[in-house]
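**Q** Structure, please.
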Amino acid sequence: MSDNKFVKKIACIGAGYVGGPTMTVIANFCPDYQVTVLDISQERIDQWNSNELPIFEPGLKERVLKARGQNLFFSTDIDRCIDEADIIFVAVNTPTKTFGEGAGKAVDLQYIEQTARRIKENSKSDKIIVEKSTIPVRAAETLGKILHSGNNSIHFEILSNPEFMAEGTGIHDMENPDRILIGSMDTPSGQAARDELIKIYERWVTPENLITTNLWSSELSKLVSNAFLAQRISSINSISGLCEVTEADVDEVARAVGKDSRIGPKFLRAGVGFGGSCFRKDILNLVYLCEHFGLQPVADFWGQVIIMNDYQMERFVQRMLKAMFNSVVDKKIALFGFAFKPDTGDTRDSPAIYISKMLLKERARLCITDPHALKNAQKDLEGVEGEIVYEPDPYKAAEGAHAIALMTEWDQYKTLDYKRIFESMEKPAFLFDGRNHLDHQALFDLGFNVHSIGKPDRIQFDDPS
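**A** Predicted structure coming up:
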């Protein structure tokens with residue numbers, strides 16, 4: 001299909017975990033749309049144009065190869081593509097501020113503002129701007145003021161279209177969404193822009209899963225969705241500590257609670273805590289917004305979700321110390337997994353980062369293994385004092401170790417030869433299952449001292465007194 005045969009041209013600014021997969025799916029379902037993913041990083045764009053993509057996501061590579069060079073392109077030529085685009089998705093980074101007003105809670109919107117100014121400077125025709133980055137409610141107002149400032153005759157219609165993909169299942173989530181949310185201004189031009197975006201999604205999304213709202217409701221819905229999910233994780237994790245001291249089983253409690261149709265079973269898996277790029281950032285943003293608008297009790301409520309998550313990680317390390325005779329000095333601990341969840345190489349805000357740092361402060365020796373996240377793990381722990389080895393082979397990682405701490409519930413960790421692993425370790429051999437992923441009775445029968453989240457300890461030669 002030649003360039004002038006495309007019905008519309010889409011540009012996406014930001015080639016990360018949101019922009020790349022989202023645009024790949026759109027390109028696959030809309031071969032008559034030209035889709036160009038843009039980024040200032042030449043290295044990242046080169047990776048997207050190679051056979052070694054910058055991110056790991058099941059099903060992504062196959063779909064990139066199918067559309068790349070046909071109607072899917074990756075480029076650093078941002079200014080030209082802005083000018084040519086009819087629709088521009090904004091998927092740039094929106095980290096938590098580390099300075100000034102709102103530091104530690106508010107979203108740093110400098111990249112959003114820089115992008116808006118660049119769009120304004122390079123646009124010679126009217127365009128639809130789609131917020132894909134997670135941004136605070138009423139951020140579209142700021143975008144609009146920048147885009148329409150000065151003697152600018154170009155009209156920009158701003159839409160909110162938050163992503164609800166979960167890493168590890170991102171392609172499946174995008175192709176089979178619970179909902180596609182589009183927020184627009186309640187004006188004729190706003191509704192017309194909304195309808196243009198609907199034309200894209202209706203290629204594969206059923207009408208009942210296409211939800212339209214006003215602009216502000218859409219922006220807030222993303223924050224609230226992530227806050228509710230994180231709250232469920234912190235809720236079950238808070239109960240896991242109670243289960244351990246009362247000898248209840250948190251999995252049995254969660255299964256019983258989840259059978260209540262008003263509650264449901266999802267996100268009731270106890271573990272070492274949540275991670276990823278969104279949960280902590282979005283909750284902190286929600287807390288900041290509530291404080292800004294004078295809703296302090298609401299801010300305190302959501303802030304407790306973060307406090308509980310941090311407590312769960314600290315409690316896990318404290319439990320390791322207690323079990324290993326109150327010291328891990330010069331003891332080798334093998335961390336099985338470093339990604340914040342399986343089927344992704346993403347380590348952003350992974351509990352493994354915090355747990356590693358706490359163990360290193362206790363002067364443990366770490367050997368970290370993960371099928372896809374070792375490069376990111378090295379970046380996350382760069383400059384951290386202590387002995388760290390990065391080993392792709394879990395069997396080698398466990399050799400001579402005093403303990404294994406399972407951080408990520410990769411499927412392959414279930415099928416390892418734990419008899420071989422046990423025989424290669426120092427004795428007594430400890431296994432701390434931070435995701436309740438393994439067969440604890442089988443491990444105990446092999447000789448491991450097994451400590452898992454929200455379950456009674458299984459200790460060899462336990463003194464009944």
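**Q** Would you mark the buried spots in the lowest-mean-pLDDT helix or strand in the chain?
**A** Ranked by mean pLDDT, DSSP states H and E, the weakest helix or strand in the chain is helix 139-147, scoring a mean of 87. Buried residues in helix 139-147, counted by 16 or more other Cβ atoms under 10 Å: 139-140, 143-144, 146-147. Where C-beta positions appear, they are placed from N, C-alpha and C, glycine not excepted.
**Q** for stretch 450-459, same thing?
**A** Buried, per 16+ other Cβ under 10 Å, within stretch 450-459: 450-458.
**Q** State the mean pLDDT of that stretch.
**A** Across stretch 450-459, the average pLDDT comes to 96.
**Q** End to end on that stretch, go ahead and measure it.
**A** End-to-end distance for stretch 450-459, by Cα to Cα, to the nearest Å: 6 Å.
**Q** now do stretch 397-417
**A** Start to finish, the residues bounding stretch 397-417 are 13 Å apart (Cα to Cα).
**Q** Quick one: mean pLDDT for that stretch?
**A** For stretch 397-417, mean pLDDT rounds to 98.
**Q** low-scoring stretches of the protein, by residue?
**A** 1-4, 462-465 (pLDDT under 70).
**Q** so what's Q231 up against?
**A** Shown in contact with Q231 (Cβ atoms under 8 Å, 6 or more residues apart in numbering): 302, 305.
**Q** got the buried residues for stretch 207-218?
**A** Across stretch 207-218, burial judged by 16+ other Cβ under 10 Å covers 210, 212-213, 215-216, 218.
**Q** Switch those over to CSV; also include secondary structure.
**A** Converted to CSV, the buried residues of stretch 207-218 look like this (DSSP: H, G, I helix; E, B strand; the rest coil):
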residue, secondary structure
L210, strand
T212, strand
T213, strand
L215, helix
W216, helix
S218, helix
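**Q** In TSV, list these along with distance to L416.
**A** TSV is the format used below for the buried residues of stretch 207-218 (distance: Cβ to Cβ, whole Å):
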residue	distance to L416
L210	44
T212	48
T213	47
L215	50
W216	49
S218	44
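**Q** Closest one to N93 out of the residues you listed, please.
**A** S218 (20.0 Å; Cβ to Cβ).
**Q** right, and the closest one touches N161 too?
**A** Yes. Between S218 and N161 there is a contact at 7.4 Å, judged by Cβ atoms under 8 Å.
**Q** Common neighbours of those two, please.
**A** Taking Cβ under 8 Å, 6+ apart as the contact rule, S218 and N161 both touch 181-183.
**Q** and of the residues you listed, the nearest to G264?
**A** Using Cβ to Cβ, the shared contacts of S218 and N161 come closest to G264 at L181, 20.5 Å.
**Q** Show me which residues of stretch 17-34 are buried.
**A** 17-31, 33-34.
**Q** and this protein, what are its domains?
**A** Taking automatic domain parsing as the reference, the chain has its domains at 3-205, 248-465.
**Q** any chance of the buried residues of stretch 450-459 in JSON lines, with distance to A67 too?
**A** Below are those laid out as JSON lines (distance: Cβ to Cβ, whole Å):
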{"residue": "V450", "distance to A67": "47"}
{"residue": "H451", "distance to A67": "47"}
{"residue": "S452", "distance to A67": "43"}
{"residue": "I453", "distance to A67": "42"}
{"residue": "G454", "distance to A67": "44"}
{"residue": "K455", "distance to A67": "46"}
{"residue": "P456", "distance to A67": "52"}
{"residue": "D457", "distance to A67": "52"}
{"residue": "R458", "distance to A67": "50"}
